[in-house]
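1. Build the 3D model from these lines:
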Amino acid sequence: MTLLAVRTAEGVPEAEALRLAGALEHASEHPIARAVADGALAKLDTLPVPEDFANVPGLGVQGVVDGHAVLVGRERLLAEWAITLPAELERAKAAAEAAGRTAVVVAWDGEARAVLEVADAVKDTSAEAIGRLRALGLRPVLLTGDNRAVAEAVAREVGIPAEDVIAEVLPQDKVDVIERLQAEGRSVAMVGDGVNDAAALARADLGLAMGTGTDAAIEAGDLTLVRGDLRAAADAIRLARRTLGTIKSNLFWAFAYNVAALPLAAAGLLNPMIAGRRWPSPRCSSSATRCGCGPSTRPEGNGVPRPAAPSLPDPGAAAPRPPLRPERPRPQTPDGLASQPSGV
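-> Numbering: from 1, shown residues only. Next comes the predicted model:
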């Protein structure tokens, strides 16, 4: 996301609006907040450190910057403080949303003073990713807290119909939508990267967190996609289906082997040695070419002698006695008598 424009009320310096909004947004992990903070740092050298910072889920942030009580976020956040937009900022907000941009409202000391225009360019691979998800038999739904005009503009670009766009929802609203779809008997996979997506990621049957997103989203997801590419979600689902198919195939052949072999073994028609040799084949039939765990296909008479197995000692045999130490000959005296050690 990128900060594109700053619209201020009459008499409000643009630098002051950027300084206060950027300082507060710099403490947030939300993608829109990062865009505002980066845009402020690009035009200002430093940003002050906010006090009493608080994140209001789905609405924005609030805190104190250089003694000013600052609110940055959606218009609904200002409404909770009984703050209304002046006519000029209302027009600026409407124009930004009509252009497919996200309007961020800034207020301090009890008055709305600026509107920040933020836009996110749709990635070139997003439309392809939506096509891959549809090819897997899935129904993509755009669930976002942005205003409807922005959401529908993005949906048109990636190929999602307007009836599958659910916009201007709070974090709890996202959870409610997922629960409603689950109540209809649907299995729901949620892909998200923001703090406001964490609850929905945890509630979905499969939560896919983007690795480039916030820590809260990564912690809540069942699976983290390292690449910030929506095509990875389609790849993960396709791989999971193939893995499940392999597991079912292995179970089928294992049960089929038992059903066929147990009656033969009970009737005495199946040699236990043959059954024991053939038992691993059904379990490894699907992966024999990968791990080599199936029966060997190399002929025995290939002319290459096999090394003999080392022989092991018989544990029941008596251990051999160590050889007796030869007696050391005694030195002879000149008279032919053996000398005795001194002291004897």
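2. Could you use CA atoms for every contact and neighbour count after this?
-> OK.
3. next one: the one helix or strand Glu90 maps to to chain centre, how far?
-> Using DSSP states H and E, Glu90 sits within helix 87-98. Offset of helix 87-98 from its chain centre (C-alpha atoms, centre = their mean, to the nearest Å): 37 Å.
4. Report all helices and strands that that helix contacts.
-> strand 2-8, strand 102-108, strand 111-119, helix 148-158 (3 or more C-alpha pairs under 8 Å, 6 or more residues apart in numbering; DSSP states H and E).
5. Would you mind giving those as CSV with distance to Arg139 and mean pLDDT added?
-> Supplementary listing: these in CSV, determined by distance: least, C-alpha to C-alpha, whole Å; pLDDT from 0 to 100:
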stretch, distance to Arg139, mean pLDDT
strand 2-8, 29, 92
strand 102-108, 26, 94
strand 111-119, 26, 94
helix 148-158, 13, 89
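6. Select, out of these, the one closest to Ile32.
-> Proximity to Ile32, assessed across the helices and strands packed on helix 87-98 by C-alpha to C-alpha, is greatest for strand 111-119 (7.2 Å).
7. got the buried residues for the helix or strand following the closest one?
-> Going down the chain from strand 111-119, the next helix or strand is helix 126-135, by DSSP H and E. For helix 126-135, the neighbour count (16 or more other C-alpha atoms under 10 Å) marks Ser126, Ala127, Ala129, Ile130, Gly131, Arg132, Leu133 as buried.
8. Taking the centroid of this structure, which residue is nearest it?
-> A centroid search over the chain (C-alpha atoms, centre = their mean) returns Thr224, at 0.6 Å, as the residue closest to the centre.
9. With adjacent residues omitted, what lies nearest to that one?
-> Nearest non-adjacent residue to Thr224, counting by C-alpha to C-alpha, 6 or more residues apart in numbering: Ala209, 4.8 Å away.
10. likewise Lys174?
-> Ala200 (5.9 Å).
11. That neighbour and Ile178 touch, don't they?
-> Yes - look at Ala200 against Ile178 with C-alpha atoms under 8 Å: they come within range, at 7.2 Å.
12. so who does Arg203 touch?
-> Val175, Ile178, Glu179 (C-alpha atoms under 8 Å, 6 or more residues apart in numbering).
13. Give the burial count for the last one, as a bare number.
-> Read it as Glu179. Neighbourhood size, Glu179 [other C-alpha atoms under 10 Å]: 18.
14. Now it: phi and psi?
-> Backbone torsions of Glu179, given as degrees, to the nearest 10, read phi -60, psi -40.
15. Tell me how far it lies from Gln172.
-> 11 Å (C-alpha to C-alpha, to the nearest Å).
16. quick revisit: let's have the contacts of Arg203 in CSV, adding distance to Leu44.
-> Shown next, in CSV, are the contacts of Arg203 (distance: C-alpha to C-alpha, whole Å):
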residue, distance to Leu44
Val175, 39
Ile178, 42
Glu179, 45
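17. Can you tell me which of the residues you listed is closest to Ala94?
-> Among the contacts of Arg203, and counting by C-alpha to C-alpha, the member closest to Ala94 is Val175, at 28.3 Å.
18. Against which helices or strands is the helix or strand containing Ala54 packed?
-> Element membership of Ala54, judged by DSSP H and E, is strand 51-56. Packed against strand 51-56 by the contact rule (3+ C-alpha pairs under 8 Å, 6+ apart) you find strand 60-65.
19. which helices and strands does the strand it packs on pack with?
-> Identification of packing neighbours for strand 60-65 by 3+ C-alpha pairs under 8 Å, 6+ apart yields helix 14-25, strand 51-56, strand 68-73.
20. Next, format those as CSV and append mean pLDDT.
-> Compiled in CSV, the helices and strands packed on strand 60-65 are given as follows (pLDDT from 0 to 100):
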stretch, mean pLDDT
helix 14-25, 94
strand 51-56, 92
strand 68-73, 95
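21. As a markdown table, the ones you listed with distance to Ala256 and mean neighbour count would be great.
-> Shown next, in a markdown table, are the helices and strands packed on strand 60-65 (distance: least, C-alpha to C-alpha, whole Å; neighbours: other C-alpha atoms under 10 Å):
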| stretch | distance to Ala256 | mean neighbour count |
| --- | --- | --- |
| helix 14-25 | 62 | 23 |
| strand 51-56 | 58 | 15 |
| strand 68-73 | 61 | 23 |
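22. among these, which is nearest Glu219?
-> Among the helices and strands packed on strand 60-65, strand 51-56 sits nearest to Glu219 (C-alpha to C-alpha), with 18.1 Å.
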